[in-house]
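Asker: 3D model of this:
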Amino acid sequence: MEEGIKVAGDKYRSILQEEAENNQWRHGSPPIFYKVNKLFEQGRTKEWPKGSLEEAVQNAVKSCKMQLSHKTHLQDLNSINPEKFKLIVNERDYEEKTLRIGSYNALLKNSLPEEFQYYKSEMETFESSHNAFKSAFPRGFAWEVISVYSGPPLGAYKFRHWGYFEGPFKGHAPNWRND
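Answerer: Numbering: from 1, shown residues only. Below you'll find the predicted structure:
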């Protein structure tokens, strides 16, 4: 990365500005979240008080998601403790693989019969999975905390993830016709 690079502050990922210069980024530079932040602000259902546990959890998860998608080494993620990090989906551990296969592939892997698998994570790479979702949701895929049930060190929370299906997904137009 070029010396002296500056990143505009991101009010939901303050960690981004702190780590902009001394990190290896998957795409060569820190990510910019203007579009998804706008989508979040327009569509969120909660606005948590500044300094609240809910705001802290929401911003911590956004930072962790950013790092999982834009960094290449688990030990470089400072939003989590790499020695204790666990990503378990449908009783499968993904923490070591997540940076290699991508969070979409880890989260969407399933054991449904093949005829019901519209997304086949084992056939996707990190790049192809992210490209598919960026294409389908051009304004981004926003994330918000709805409720926090318990605080640190083990947190339990309810969340919502949304976007607008406005672009092609795997050769299908947003209306699911092949036109």
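Asker: In its sheet, which strands sit next to the longest strand along the chain, and in what direction?
Answerer: Ranked by residue count and defined by DSSP state E, the top strand of the chain is strand 142-150. Strand pairing for strand 142-150, using DSSP bridges, gives strand 156-162 (antiparallel).
Asker: Which of the residues in the strand it pairs with are classified as buried?
Answerer: residue 157 (16 or more other C-beta atoms under 10 Å). Any C-beta I mention is one placed from the backbone N, CA and C, and that applies to glycine too.
Asker: How far away from the center of its chain is that strand?
Answerer: 12 Å (C-alpha atoms, centre = their mean, to the nearest Å).
Asker: helix or strand right after the lowest-mean-pLDDT helix or strand in the chain?
Answerer: Sorted by mean pLDDT, DSSP states H and E, the helices and strands of the chain end with helix 15-19, the least confident at a mean of 59. Sequence order places helix 34-43 as the next helix or strand after helix 15-19, per DSSP states H and E.
Asker: Compute the inter-axis angle for that next one and strand 156-162.
Answerer: Helix 34-43 runs at 110 degrees relative to strand 156-162, counting by axes from the mean of the first three to the mean of the last three C-alpha atoms, to 10 degrees.
Asker: ok and the following helix or strand past helix 34-43 relative to strand 156-162, angle-wise?
Answerer: Proceeding N to C from helix 34-43, the next assigned helix or strand is helix 53-70, under DSSP H and E. Here helix 53-70 runs at an angle of 60 degrees relative to strand 156-162 (the same axes, to 10 degrees).
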